[in-house]
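Sequence isn't available, so here's the structure alone:
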């Protein structure tokens, strides 16, 4: 496996309404230092291009993605201006970029399709794209705007399998350089999260792109409280399939072991209205024996719900629901638990007052790592066709680095235990998609009522 990066910073252009961005060159130098550090990025190759012309930039992008192996990790980072043409297509600005009668001269900028084509042609299945840019310019007290306000669908233009796209603001907002920061404020917190290890949420050895995004977003939300509303940013994380769990860099430190962190705190609340003894679950979670803890959770839920599992979910005792959830959330550092699943459910577009559609269920399954795309043999065609199927319980992971909300799996395990046909067969596919998330939806609603 190889790790390759291309870092491009563009601080100037020939377009009068795009201000100079001196931090752009500093941004790429700072990123270079982090990625080349063998104890952090450990990248095999990091190429830096300060203010390249369009042809040089496009050739470098092609080289970055060409002749890669599937297991390689490829990172493209850009700091500078973005701009739109008259049709709303997104371009990266180069030092040559100019306008003619108010319209972009397209041959002077790099079109998003250049990235799209090269990413799509690459064999590499782990691709990370970080854009610290948006779409035009303006200046106000100490703040240089790096974008303009027309909407661009970055995910539609640049999405693909095994990709993670991070942008410094959403499609309708601007990105800013703020006085008091040597770097762009977005890149500043990217670097800080990596160098300090504070972006490491699960206490593991690596920082994933999702963890890094969450750290930067939280920091910018704190900064935004001190700024006028028009200068606030909402960083976006647009992962596709496996993009959620790409491990970008090593963490310089691991978080405190939960067993130590909580040793001086009060004992866990193991309350139960059903006479359940939660000490076994508590011990397994403390020891991070996730699979055994999941099996214990399933046993407890079976004990409470009986044979009519789904019929009784709505009446699952709240006290026991909170005990199970708090234990999982506490000892997984908020990575696993019903509350974590609730958060993912809402991020997938789910509504607490509306039964989830199949599309929401399937999206949730992919986010938490319960579904995958695979090839199956169609005896009618006959040929191999691609389908997204649910993992068999025995094939699921139980490490500390699974996607957020991956555990507990008790409800998925319950479904599969009662399915007599092969779990991937199509005859019961709709039934599975409806049932899998019904319990998550019910529990999410119950937790919301409690809060």
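Everything's here; your move. Nothing here was measured: the structure is a model prediction, and the numbers come from that model.

any idea how the chain splits into domains?
3-250, 256-451 (automatic domain parsing).

most neighbours per residue, which of those domains?
Stretch with highest mean neighbour count among those: domain 3-250 (a mean of 19; mean count of other C-beta atoms under 10 Å). No exception for glycine: its C-beta is placed from N, CA and C like everyone else's.

For that domain, the averaged confidence score.
Per-residue pLDDT values over domain 3-250 give a mean of 80.

centre of the chain versus that domain, how much separation?
Between the centre of domain 3-250 and the centre of its chain there are 15 Å (C-alpha atoms, centre = their mean, to the nearest Å).

tell me how far the ends of it are from each other?
End-to-end distance for domain 3-250: 13 Å, by C-alpha to C-alpha, to the nearest Å.

and if you look at stretch 31-40?
Stretch 31-40 has an end-to-end distance of 11 Å (criterion: C-alpha to C-alpha).

Not counting that stretch itself, show me its contacts.
Identification of contacts with stretch 31-40 by C-beta atoms under 8 Å, 6 or more residues apart in numbering yields 5, 7, 41, 43, 46, 48, 75, 77, 187, 190-191, 194-195, 249-250, 252.

Try it again at 7 Å.
Contacts to stretch 31-40, defined as C-beta atoms under 7 Å, 6 or more residues apart in numbering, come from residues 5, 7, 41, 43, 46, 48, 77, 187, 191, 194-195, 249-250, 252.

Please identify which pair of those lies farthest apart.
By the measure C-beta to C-beta, the contacts of stretch 31-40 have their two most distant members at 48 and 252, which lie 22.3 Å apart.

Show me the contact partners of the helix or strand hosting residue 325.
With secondary structure defined by DSSP states H and E, residue 325 is part of helix 318-331. The list of residues contacting helix 318-331 from outside it, by C-beta under 7 Å, 6+ apart, reads 258, 262, 268-274, 276, 278, 281-282, 285-286, 297, 300, 304, 336-340, 407-408, 443, 446-447, 450.

make it 8 Å
Contact partners of helix 318-331, identified using C-beta under 8 Å, 6+ apart, comprise 258, 262, 268-274, 276, 278, 281-282, 285-286, 288, 293, 297, 300, 304, 336-340, 407-408, 443, 446-447, 450.

so of these, which ones are in helices?
258, 281-282, 285-286, 293, 297, 300, 304, 338-340, 443, 446-447, 450 (DSSP state H).

Residue 168: which of the residues you listed is nearest?
Distance to residue 168, by C-beta to C-beta, is smallest for residue 340 among the ones in helices among the contacts of helix 318-331, at 25.9 Å.

Leaving out chain neighbours, which residue sits closest to the closest one?
residue 405 (4.5 Å; C-beta to C-beta, 6 or more residues apart in numbering).

Same check on residue 336?
Leaving out its chain neighbours, the residue that sits closest to residue 336 by C-beta to C-beta, 6+ apart is residue 407, at 3.9 Å.

Test my guess that that neighbour contacts residue 332.
Yes: judged on C-beta atoms under 8 Å, residue 407 makes contact with residue 332 at a distance of 7.3 Å.

Identify the contacts common to those two.
If you check residue 407 and residue 332 against C-beta under 8 Å, 6+ apart, the residues they both contact are residue 290.

wait, isn't residue 95 in contact with residue 15?
No: taking C-beta under 8 Å as the definition, residue 95 is not a contact partner of residue 15, at 10.2 Å.

residues contacting residue 317?
Going by C-beta under 8 Å, 6+ apart, residue 317 touches 272, 273, 274, 304.

run the last query once more with 7 Å
Residue 317 neighbours (C-beta under 7 Å, 6+ apart): 273, 274, 304.

ok, residue 168 to residue 339 distance?
Between residue 168 and residue 339 the distance is 28 Å, computed by C-beta to C-beta, to the nearest Å.

cool, residue 366 as well?
From residue 366 over to residue 339 the distance is 20 Å, taken as C-beta to C-beta.

just residue 329 next, same as before
Using C-beta to C-beta, which is the criterion applied here, residue 329 is 5 Å from residue 339.

Could you check the pLDDT of the closest residue in space to residue 403 that isn't next to it in sequence?
Leaving out its chain neighbours, the residue that sits closest to residue 403 by C-beta to C-beta, 6+ apart is residue 369, at 4.4 Å. On the pLDDT scale, residue 369 is placed at 83.
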